[in-house]
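> pasting the sequence and the predicted coordinates here, then a few questions.
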Amino acid sequence: MKEIILVKDGEIALKGLNRRTFEDILIKNIRHRIADLGPFEIRSAQSTIYVTPLSEGIDLEEAVERIRKVFGIACFSRACVTEKDMDAINRAAAEYLAEELESVSTFKVEAKRSDKKFPFRSPDICMQTGGYLLEKYPHLTVDVHHPDVVVTVEVRDFGAYVRGGVQPGAGGIPVGSSGHAAVLISGGIDSPVAAYMMAKRGLRLTAFHFASPPYTSERAEQKVCELLEKVSEYSGGIRMLTVPFTKIQEQIREHCPEELFTIIMRRVMVKISNRLAQKFACTALITGESLGQVASQTIHAIACTDAAAELPVFRPLIGMDKDEIIAISRKIDTFDISIQPYEDCCTVFTPRHPRTKPVLKFVEQAESKVDWEPLIEEAVENVSLTKIGYREKL
């Protein structure tokens with residue numbers, strides 16, 4: 001029995017004359033995500049994307065799991081393909097959905113007839129298929145309001161399809177449709193969630209990670225790679241640039257007031273990110289800040305940080321509380337990695353009493369004690385690149 005995956009887009013349908021552009025990006029993303037599983041035909045027709053395996057032995061379960069995490073998809077389902085003939089449709093429904101129908105007590109049939117040349121109207125299809133299933137499975141009863149299983153028959157121009165329940169997709173819009181941005185990522189809970197949320201809004205991601213050996217360990221950097229691997233299941237491949245940050249943090253410790261350590265550190269991170277973003281064609285920065293969560297995320301501190309930015313700074317978590325952020329981190333499977341006890345550079349030289357209402361002119365005066373330009377240039381020139389989540393085709 002030939003089986004395919006039917007994909008329905010969601011928000012893309014609202015894009016008007018640009019819809020085709022978004023749909024082409026979505027198809028490209030689906031193709032890249034499942035390319036290493038084997039050959040597929042992927043095409044769009046009648047508001048549906050058809051993902052058809054072209055050889056035996058392809059792991060359709062794995063294809064479904066990957067498609068489930070592709071942004072831009074509202075819902076999807078596995079379906080069997082059959083002839084446009086009522087006898088063939090009825091047999092396919094009974095055989096393909098046998099496991100589901102045997103384990104429930106109620107069902108209903110829904111039909112969609114896109115091919116108006118098909119001799120049976122949608123209500124006729126429902127009656128015939130429903131009657132056939134009642135004969136095959138006498139324990140079943142019809143419940144049109146709250147069925148355990150909905151059997152859907154779609155008759156389209158180039159075939160008939162039988163499917164069971166629809167599964168929710170990842171939502172959002174296709175990655176790459178909104179451009180390219182850089183996420184400043186630590187090993188904590190927040191920044192991977194921020195990366196996920198902006199990928200959901202169509203941004204392709206590059207990650208900037210700041211490392212301060214020997215104050216931070218190689219295991220801390222590996223932890224960030226593992227976090228990005230989880231995010232890449234939704235966003236596609238991510239380039240991670242690891243920035244050497246030890247000299248800069250030591251200069252901050254030696255020459256700047258302790259209560260301003262954190263805000264100056266974040267400003268220098270942003271200045272480095274400005275350079276790297278230009279070098280790697282990123283047009284915005286993403287951070288995991290949540291207003292008022294810690295001393296460096298007050299409105300005054302955020303304003304001081306933004307003053308160092310030359311690009312838009314997106315903060316998708318800004319109005320969330322910690323429980324909301326943790327719920328998303330559990331959903332995308334980053335939480336258990338984030339809480340591993342490996343320190344990142346944000347915890348190095350943490351001030352005992354950080355300034356919660358820094359004033360920009362005083363922060364800039366404190367910064368002026370250090371010549372940052374050669375340090376920033378050295379950091380930019382010595383970044384290391386790691387590719388996360390890239391898959392090779394067969």
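All right, it came through fine.
> before we move on, what SS does the spatially most central residue of the chain have?
The residue lying closest to the centre of the chain (C-alpha atoms, centre = their mean) is Tyr234, at 3.2 Å. Of the three states, Tyr234 takes helix under DSSP: H, G, I helix; E, B strand; the rest coil.
> and it, what does it touch?
Listed by C-beta atoms under 8 Å, 6 or more residues apart in numbering, the contact set of Tyr234 reads 69-71, 170, 175, 196, 199-200, 332. C-beta here means a position set from N, CA and C on the backbone, and glycine is covered the same way.
> got JSON lines for these, with neighbour count, pLDDT and distance to Pro119 too?
As requested, the contacts of Tyr234 are arranged in JSON lines below (neighbours: other C-beta atoms under 10 Å; pLDDT from 0 to 100; distance: C-beta to C-beta, whole Å):
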{"residue": "Lys69", "neighbour count": "16", "pLDDT": "96", "distance to Pro119": "40"}
{"residue": "Val70", "neighbour count": "24", "pLDDT": "97", "distance to Pro119": "37"}
{"residue": "Phe71", "neighbour count": "25", "pLDDT": "97", "distance to Pro119": "40"}
{"residue": "Ala170", "neighbour count": "20", "pLDDT": "96", "distance to Pro119": "39"}
{"residue": "Val175", "neighbour count": "27", "pLDDT": "97", "distance to Pro119": "43"}
{"residue": "Tyr196", "neighbour count": "26", "pLDDT": "98", "distance to Pro119": "48"}
{"residue": "Ala199", "neighbour count": "28", "pLDDT": "98", "distance to Pro119": "46"}
{"residue": "Lys200", "neighbour count": "19", "pLDDT": "97", "distance to Pro119": "44"}
{"residue": "Ile332", "neighbour count": "19", "pLDDT": "97", "distance to Pro119": "48"}
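> which of those residues fall in strands?
The strands, defined by DSSP state E, take in Ala170 from those.
> these two touch, right, Ile332 and Ala194?
No: with contact defined as C-beta atoms under 8 Å, Ile332 does not reach Ala194; the gap is 11.4 Å.
> care to break the protein down by domain?
Domain segmentation of the chain under automatic domain parsing yields 3-170, 179-388.
> deepest-packed of those domains, please.
domain 179-388 (a mean of 19; mean count of other C-beta atoms under 10 Å).
> measure how far that domain is from the centre of its chain, please.
How far domain 179-388 lies from its chain's middle: 19 Å, per C-alpha atoms, centre = their mean, to the nearest Å.
> now swap in stretch 61-77 and tell me
On C-alpha atoms, centre = their mean, the centre of stretch 61-77 falls 11 Å from the chain's centre.
> between the contacts of Tyr234, which is nearest Asp87?
Asp87 has its nearest neighbour among the contacts of Tyr234 in Val70, at 35.9 Å by C-beta to C-beta.
> pretty sure the closest one sits against Ile34.
No: assessed by C-beta under 8 Å, Val70 is found out of contact with Ile34, at 9.1 Å.
> wait, Arg267 touches Cys304, no?
Yes: if you go by C-beta under 8 Å, Arg267 and Cys304 touch, sitting 6.7 Å apart.
> which residues are common contacts for the two?
Val363.
> columns distance to Arg275 on top of the contacts of Tyr234, output as a markdown table?
What follows is those, written out as a markdown table (distance: C-beta to C-beta, whole Å):
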| residue | distance to Arg275 |
| --- | --- |
| Lys69 | 32 |
| Val70 | 32 |
| Phe71 | 29 |
| Ala170 | 33 |
| Val175 | 25 |
| Tyr196 | 25 |
| Ala199 | 23 |
| Lys200 | 27 |
| Ile332 | 30 |
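> which one of the contacts of Tyr234 is nearest to Glu377?
Scanning the contacts of Tyr234 for proximity to Glu377, where the rule is C-beta to C-beta, the winner is Ala199, at 30.3 Å.
> thank you, goodbye.
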